[in-house]
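**Student:** Pasting a predicted model and its sequence here:
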Amino acid sequence: MKNGKKLKIVLAGQANVGKSVIFNYLTGLHQHIGNWPGKTVEKAEGTLFYKGYTIDVFDLPGIYALTTYSLEEIVSRDYIALQKPDFVVNVVDSTNLERNLLFTLQLLELERPVILALNMVNLLKEKGIEINTQKLQELLQIPVIPVAAIYGKGITEVVDRGIELIKSNTKETTCECKLKFGKEVEERIEQLIRVLKDVDLSYPKRWLAIKLLEKDKEIEKLVKDKEILTNVEKLTSELEEIHGHDSSVVIANERCYLASLIIKQTVKITKPAKIGLNVRLDSLTSDRILGYPVMIGILALMYLTIFTFGSWFSSFLEELTSGWQILWENIFGNSFFTSLGWSTIESALALIQIALPYIIPFYFLLFLLEDWGYLARVAYLTDNLMHKLGVHGKACIPLMLGFGCNIPGCLSCRIMETERERFLTAFLTTLIPCSAVTVIIMGLVGKFLGVGWAFGLYLFNILIILIVGKLASKILPGEPTELIMEMPDYRLPNLRTIILQTWFRLKEFIFLAGPLVVISGVVIKGIHLAGWLEATASFLSPITVKWLDLPAITGVLLIFGILRKELILVMLATLLGTTNFVSILTPVQMLTLSILSMFYIPCVATIAVLLREFGWKKTLGICIFEIFFAISLAGTVSRILPVFL
Amino acid sequence: MDNFPLINLENGQKGVIISIAGGFRATKRLADLGLTPDTVVEVLKKAPFSGPLLIKVRGSNLILGKGLAAKVFVRLK
């Protein structure tokens, strides 16, 4: 044990096992959500003060294995193997024990002290499942604690047992146990361990040997030694000859066999599961026909809630701060610098007034739907449609969010497994018209040309996204990933977890977007005050006037639009001195401007998110592409449309 | 006995996995979730418009994209 009674523990487990409930129970408000250095993988870290210990708790991403399938898996296994946490809490869903054990077995291979938190024991009875915890403990040779996380039961026992485990300071390794693979596999593992004797890597030797037999590319790269690798090749081909499958499948099969053996000895299904409410709900929401109207209903309700709450809260905040500018000018006067000073406050206020009222309910409802288990149904129902975009069903969630605000949309791209899928989904999300763009479309086209035209624009947008998505997925290197995910049972969401998740995401967003929004607000205000706007407008006029056939003033609008899309409409009214746009813009011009607003550069807050998630090169790529794309598209449309209008 | 892709099973039918014809990554992912040779798979539901399959494997429910389901070869149980 280290001095100062500091401990480092890790929560590991598959998705949907209630890990985040336990994490939030343990750390409450003492947590920090960020990224793993250099990776777009979320890192949730928190502190727990318990019995005189200061315990650092890491919540690893929910993963299904410790291979190199996704970034999360690599980060997780490297963290456990290299940072050597004092102990690992393996959270498992007791109602899906067999599949969860496949992960547990891989975790044990990493040879850190592990405590099994057997979560959701409160659901076992209803499902007619009986688990012999004592026997499970004996077989796995690690402490097994029954937990009902949503009621807070068993969580402190888990930590207690962990501390005991460290105090007793028994053997570091936990795998000197009966959990052995088949004889022919074990023989080869032992041979490899001998060969690896002199290899200086901080991973456990047995683990390295297993990974090499699984043909793990990352480990092969680390080992490098030609002689060892030829040895590995010989051993894997021997295994393949014996079993008739790829050696990675052979090892996976061994684990499956072990897991099923353990299950046979510990789990009893006492009675056939009764058809409960949740089962009925499941068959309705994933029904091949009824599932769709139900989905549209739920999503419509979600949007309605968000927009009703958002617009109410937003106008409430606006009213609250409406006198502030006059107050500021009364105190500081109205000079160049005080105006600049005001613009910092104005930008910060705008972020609070416009973004937060929508983002708070967005996150809250998103986490609610996720915790409840509905998002998996959405992925299931929309997988086929998403494939047309070159991504799979999970991408539906970011895209859906994008309609409200691109920011949570882009942030939620992390649910995609690979970097390629993440980038592609985020890119498509930035093309989705967010609520600010909706303001433009409705305020311009909807109001003066009719809702039919506005609706048409949305259809056009979806069509374009379909085409761009298809093309982008062809161009981007790497193969598309197929959908494979768990279909969780519906379960009662935990309000505390959802509120905490919403709060920390919100904090993350403010820190991320805040500075960029304020800085760019001040810069543009400065340009405005210096009287350079007209110069900018005339500089851009070859594009705006000649190519797009719009008033020269739109050049200014587009610059303000980078700050926040709805400013395009607001500034249009301010600069032209009227809200009766039909007197200054022709129908074709309105449509052109709307299309331009829909596709051109994401707003500055979204750019901030992209920057953090994908780095400046890819972000710049998206921005430049979208500027050119929007201008070409809008220009083309402005030439074609007059034929029909 | 005839082997055929999982995707050809009807709702409620069970099959035993014989082989997986996917690439390394796909095979690995399937294995991580417990889909290995000799495993019994039950097709619970198929999404419309030839969408993904809902299957039951080792006591838990999984959603499997049709592309993957076409690579898993089974024999009828």
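**Tutor:** Happy to help now that I have it.
**Student:** Which helix runs longest in chain B?
**Tutor:** helix B:24-32 (DSSP state H).
**Student:** buried ones in it?
**Tutor:** B:25, B:26, B:27, B:28, B:29, B:30, B:31, B:32 (16 or more other Cβ atoms under 10 Å in any protein chain shown). The C-beta positions use only the backbone N, C-alpha and C, and glycine is treated the same way.
**Student:** what does stretch A:346-363 give?
**Tutor:** A:346-351, A:353-363.
**Student:** From the rest of the structure, what touches it?
**Tutor:** A:305-307, A:309-314, A:317-318, A:321, A:324-325, A:401, A:404-405, A:407-408, A:435-436, A:501-502, A:505-506, A:509-510, A:513-514, A:517-518, A:520-522, A:525, A:563-564, A:566, A:605 (Cβ atoms under 8 Å, 6 or more residues apart in numbering or on different chains).
**Student:** how does it look with 7 Å?
**Tutor:** Here stretch A:346-363 makes contact (Cβ atoms under 7 Å, 6 or more residues apart in numbering or on different chains) with A:305-306, A:309-310, A:313-314, A:317-318, A:321, A:401, A:404-405, A:407-408, A:435, A:502, A:505-506, A:509, A:513-514, A:517-518, A:521-522, A:564, A:605.
**Student:** Would you mind listing which of those are buried?
**Tutor:** A:306, A:309-310, A:313-314, A:317, A:401, A:404-405, A:407-408, A:435, A:502, A:505-506, A:509, A:513-514, A:517-518, A:521-522, A:564, A:605.
**Student:** Just these: which are in strands?
**Tutor:** Using DSSP state E, the subset of the buried ones among the contacts of stretch A:346-363 located in strands is empty.
**Student:** what about residue A:573, how many neighbours?
**Tutor:** 13 (other Cβ atoms under 10 Å in any protein chain shown).
**Student:** helix, strand or coil for the closest residue to it other than its chain neighbours?
**Tutor:** Excluding the flanking residues, the one nearest residue A:573 by Cβ to Cβ, 6 or more residues apart in numbering or on different chains is residue A:579, at 4.8 Å. Residue A:579 falls in the coil class when you classify it by DSSP: H, G, I helix; E, B strand; the rest coil.
**Student:** What helices and strands are in contact with the helix or strand harbouring residue A:398?
**Tutor:** Using DSSP states H and E, residue A:398 maps to helix A:396-402. Counting contacts by 3 or more Cβ pairs under 7 Å, 6 or more residues apart in numbering or on different chains; DSSP states H and E, helix A:396-402 packs against helix A:374-387, helix A:406-411, helix A:419-431.
**Student:** Other residues contacting the last one?
**Tutor:** By that I understand helix A:419-431. A:40, A:71, A:389-391, A:395, A:398-399, A:402, A:406, A:409-410, A:413-414, A:416, A:465, A:468-469, A:472-473, A:476, A:478, A:481, A:599, A:602, A:606, A:610, A:613-614, A:618, A:622, A:626.
**Student:** Name only those of those that count as buried.
**Tutor:** Buried among those by 16+ other Cβ under 10 Å: A:40, A:71, A:389-391, A:395, A:398-399, A:402, A:406, A:409-410, A:413-414, A:416, A:465, A:468-469, A:472-473, A:481, A:599, A:602, A:606, A:610, A:613-614, A:618, A:622, A:626.
**Student:** What residues does chain B have near chain A?
**Tutor:** Contacts of chain B with chain A, taken as Cβ under 7 Å from any Cβ of the partner chain, map to B:25-29, B:31-34, B:36-37, B:39, B:45, B:47-52, B:54, B:58-65, B:67-68.
**Student:** where's the nearest residue to residue A:406 once chain neighbours are set aside relative to residue A:507, distance?
**Tutor:** Closest residue to residue A:406 apart from its sequence neighbours, by Cβ to Cβ, 6+ apart: residue A:606 at 4.4 Å. Taking Cβ to Cβ, to the nearest Å as the measure, residue A:606 falls 18 Å from residue A:507.
**Student:** for residue A:109, same thing?
**Tutor:** 37 Å.
**Student:** the helices in chain B, which residues?
**Tutor:** So, for chain B - with DSSP H - the helices run B:24-32, B:66-69.
**Student:** Return the distance of the longest helix seen in chain A from the chain's centre.
**Tutor:** Across chain A, the longest stretch assigned as helix under DSSP H is helix A:604-644. Averaging C-alpha positions (Cα atoms, centre = their mean, to the nearest Å) puts helix A:604-644 23 Å from its chain's average.
**Student:** Output the contacting helices and strands for it.
**Tutor:** helix A:406-411, helix A:419-431, helix A:495-529, helix A:587-599.
**Student:** Quickly compare those and say which is most buried.
**Tutor:** For the helices and strands packed on helix A:604-644, the largest average neighbour count (mean count of other Cβ atoms under 10 Å in any protein chain shown) is found in helix A:406-411, namely a mean of 26.
**Student:** Could you pull up the mean pLDDT of it?
**Tutor:** Taken as a whole, helix A:406-411 has an average pLDDT of 84.
**Student:** who in chain A is up against chain B?
**Tutor:** A:64-65, A:67, A:69, A:96, A:98-99, A:102, A:245-246, A:248-249, A:252-253, A:256, A:286, A:288, A:376, A:379-381, A:383-384, A:392-393, A:482-487.
**Student:** picking up where we left off before, restricted to buried residues, select the residues of chain B next to chain A in PyMOL.
**Tutor:** Buried residues within the residues of chain B next to chain A, by 16+ other Cβ under 10 Å, are selected in PyMOL with:
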select buried, chain B and resi 25+26+27+28+29+31+32+33+34+36+37+39+45+47+51+52+54+58+59+60+61+62+63+64+65+67+68
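**Student:** Do I have it right that residue B:29 meets residue A:484?
**Tutor:** Yes. Counting by Cβ atoms under 7 Å, residue A:484 is a contact partner of residue B:29 at 5.9 Å.
**Student:** what number of residues lie near the residue lying closest to residue A:527 once chain neighbours are set aside?
**Tutor:** Distances taken as Cβ to Cβ, 6+ apart place residue A:533 nearest to residue A:527, at 6.3 Å, with adjacent residues excluded. The tally of other residues near residue A:533 (other Cβ under 10 Å) stands at 19.
**Student:** Kindly list the main-chain dihedrals of residue A:54?
**Tutor:** phi -100, psi 110 (degrees, to the nearest 10).
**Student:** That one and residue A:6 touch, don't they?
**Tutor:** Yes. With contact defined as Cβ under 7 Å, residue A:54 counts as touching residue A:6 (5.2 Å).
**Student:** Could you tell me how far the helix or strand of chain B with the lowest mean pLDDT lies from the centre of the chain?
**Tutor:** Lowest by mean pLDDT, DSSP states H and E among the helices and strands of chain B is helix B:24-32, with a mean of 83. Put simply, helix B:24-32 sits 12 Å off its chain's centre (Cα atoms, centre = their mean).
**Student:** Which strands or helices does that helix pack on?
**Tutor:** Against helix B:24-32 (3+ Cβ pairs under 7 Å, 6+ apart) you get helix A:247-266.
**Student:** which residues sit against whichever helix or strand comes after the helix it packs on?
**Tutor:** Using DSSP H and E, the helix or strand that follows helix A:247-266 in sequence is strand A:267-269. Under the criterion Cβ under 7 Å, 6+ apart, residues A:97, A:128, A:129, A:130, A:131 lie in contact with strand A:267-269.
**Student:** Skip the chain neighbours and tell me the closest residue to the second one.
**Tutor:** So the one you mean is residue A:128. residue A:271 (4.2 Å).
**Student:** Specify the local secondary structure of that neighbour.
**Tutor:** What three-state DSSP gives for residue A:271 is coil.
**Student:** Then residue A:49?
**Tutor:** strand.
**Student:** Pairing partners for it in the sheet, please.
**Tutor:** residue A:54 (DSSP bridges).
**Student:** Near it, how many other residues are there?
**Tutor:** 10.
**Student:** just how off-centre is the helix or strand hosting residue A:20 within its chain?
**Tutor:** Assigning secondary structure by DSSP H and E places residue A:20 in helix A:19-27. Averaging C-alpha positions (Cα atoms, centre = their mean) puts helix A:19-27 18 Å from its chain's average.
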